[in-house]
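> Quick one: sequence plus predicted model below, questions after.
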Amino acid sequence: MADPMKIRAQLKGDVAEIRVLMSHAMETGQRKDAAGATVPAHFIQSMTIDVGGKRVVDGQVGGSVSRNPVFGFKMKGAKAGDKVVVSWIDNKGEKRTDEAAVA
Amino acid sequence: MKQNIIGALCALAVMGGASAQSPKKPVAKPSTKAAAAPAAEEKDAATLEFEKFRAEMEESNPAELFEMKGQEQWKAKRGPKNVSLAESCDLGQGVGKVEGAYVKMPRYFADADAVMDAERRIVWCMVEKQGFKFDDIAKQPFANETFTPDITNLVTYVATHSRNMKIAVPLDDPKVRDAYEVGKEIAAYRAGPYDFSCNTCHGTDGKRIRMQNLPNLSTPAGAIKGVQGWPGYRMTGGVMLTHQWRMGDCFRQQRFPQPKYASDAVAYLLTYMIGTANGQVYKGPGIKR
């Protein structure tokens, strides 16, 4: 099973800053291992973020994104205590959902 | 209100160490800087940009992912003896106590009759308390692109709990003082095909490899630079690495044989280095390019 994400959502004035740290190999499928065999592609394909029950991000992610990627977002209109739910699905169908509250 | 949420959402910003990305490039510092003494450091645009990037990354250091795993592993009952480190491992501050433990090591542990740095001590606990086999741990003690050993997670977890604390290696303990002196000797030991010692690169001010300034480890200001940021997340490859690993890497660069994992030699070298940095503030697990 995929490892948990680390989510931080902080209100600065009326802007909430959401930072998501994901644990993922993000293999492009272009690398070769020591034996010369191609390392199969394995990367996050799509991610969503819901804040306070409302979808605010529905995005696509590709193989050019680094291992253990960090995503940062800023949004207006979030309130302290709003639930932030982040999900991703990778090209092998593995998925992970984690949540945090806006602080 | 609800429309605001969607409407005002900013574009997504991707940060990280993918090889295709440009933020890593500012690392190569232009040569203008090299001519001047590093004391009077003139920061060119590229350096400043890189510092900005690093500050940004430090806020969301992927090291946190390893720390989370380390925390789980610290508290979980594991190993043939099925005990947790939290209920059995004394890092010098009492059984299970991690707060401030990292900056007070290396120290002498009577139960093991040895001076141990944090990583060596945790390995000792895993072997003695949890019943793991040392050889199994030492087989692949450091992380690579596809594998991160438990010990690396655990060290990261412990180091996190010394964030923003002053380094305080107990050098007044005669055993630790001895280790410090031996470490100093090791740092000065010249050998290998290039007749290198640690001090060849890290013993005087103003040395550099290519454009990379090298800290002078014999001074507190230099030593802290060699301590800061370890354990660290290396963006190249996305690998979490420990201070023990870094010692081995310097040995490699000197064309020395690799030191034995969790050995006296590495612990003594670390005692010298971290001890020299005493009194300065440790910022916790870092991020390296």
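Done, it's in. Numbering: from 1, shown residues only, chains lettered A, B, ... in the order given.

> where in the chain is pLDDT low?
If you meant another chain, say so; for now it's chain A. Applying pLDDT under 70 to chain A flags residues A:1.

> let's do chain B instead
B:1-43.

> rerun at 50
Applying pLDDT under 50 to chain B flags residues B:1-40.

> Quick one: the helices in it, in order.
Secondary structure of chain B (DSSP state H): helices located at B:2-7, B:32-35, B:45-59, B:63-75, B:118-128, B:134-139, B:150-160, B:174-188, B:198-202, B:220-227, B:243-253, B:264-276.

> Redo those as CSV? Include distance to chain A.
Bear in mind the C-beta positions are built from the backbone N, C-alpha and C, glycine included. Shown next, in CSV, are those (distance: least, CB to the nearest CB, whole Å):
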stretch, distance to chain A
helix B:2-7, 4
helix B:32-35, 27
helix B:45-59, 7
helix B:63-75, 5
helix B:118-128, 21
helix B:134-139, 17
helix B:150-160, 11
helix B:174-188, 32
helix B:198-202, 29
helix B:220-227, 24
helix B:243-253, 17
helix B:264-276, 26
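
> Same list, these, but as JSON lines with mean neighbour count please.
Putting those into JSON lines (neighbours: other CB atoms under 10 Å in any protein chain shown) gives the following:
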{"stretch": "helix B:2-7", "mean neighbour count": "12"}
{"stretch": "helix B:32-35", "mean neighbour count": "12"}
{"stretch": "helix B:45-59", "mean neighbour count": "15"}
{"stretch": "helix B:63-75", "mean neighbour count": "21"}
{"stretch": "helix B:118-128", "mean neighbour count": "24"}
{"stretch": "helix B:134-139", "mean neighbour count": "13"}
{"stretch": "helix B:150-160", "mean neighbour count": "25"}
{"stretch": "helix B:174-188", "mean neighbour count": "18"}
{"stretch": "helix B:198-202", "mean neighbour count": "19"}
{"stretch": "helix B:220-227", "mean neighbour count": "20"}
{"stretch": "helix B:243-253", "mean neighbour count": "19"}
{"stretch": "helix B:264-276", "mean neighbour count": "25"}
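
> residues in chain A within reach of chain B, list them.
A:3-4, A:6, A:8, A:19, A:21, A:23, A:25-26, A:51-52, A:54-57, A:59, A:64-78 (CB under 8 Å from any CB of the partner chain).

> any idea how far A:K12 is from B:A143?
Distance, A:K12 to B:A143, by CB to CB, to the nearest Å: 34 Å.

> ugh, wrong one, B:V95
28 Å.

> ok, the two, which is more surrounded?
B:A143 (23 against 13; other CB atoms under 10 Å in any protein chain shown).

> ranges for the helices of chain A?
Counting by DSSP H, chain A contains no helices.

> Run through the strands of it in chain order.
A:6-12, A:15-21, A:44-51, A:54-60, A:70-76, A:83-90, A:95-101 (DSSP state E).

> any chance of those in a markdown table, with mean neighbour count too?
Converted to a markdown table, these look like this (neighbours: other CB under 10 Å):
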| stretch | mean neighbour count |
| --- | --- |
| strand A:6-12 | 17 |
| strand A:15-21 | 21 |
| strand A:44-51 | 20 |
| strand A:54-60 | 14 |
| strand A:70-76 | 20 |
| strand A:83-90 | 19 |
| strand A:95-101 | 15 |
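
> JSON lines for the ones you listed, including distance to B:D90?
Below are the strands of chain A laid out as JSON lines (distance: least, CB to CB, whole Å):
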{"stretch": "strand A:6-12", "distance to B:D90": "29"}
{"stretch": "strand A:15-21", "distance to B:D90": "31"}
{"stretch": "strand A:44-51", "distance to B:D90": "41"}
{"stretch": "strand A:54-60", "distance to B:D90": "46"}
{"stretch": "strand A:70-76", "distance to B:D90": "35"}
{"stretch": "strand A:83-90", "distance to B:D90": "38"}
{"stretch": "strand A:95-101", "distance to B:D90": "33"}
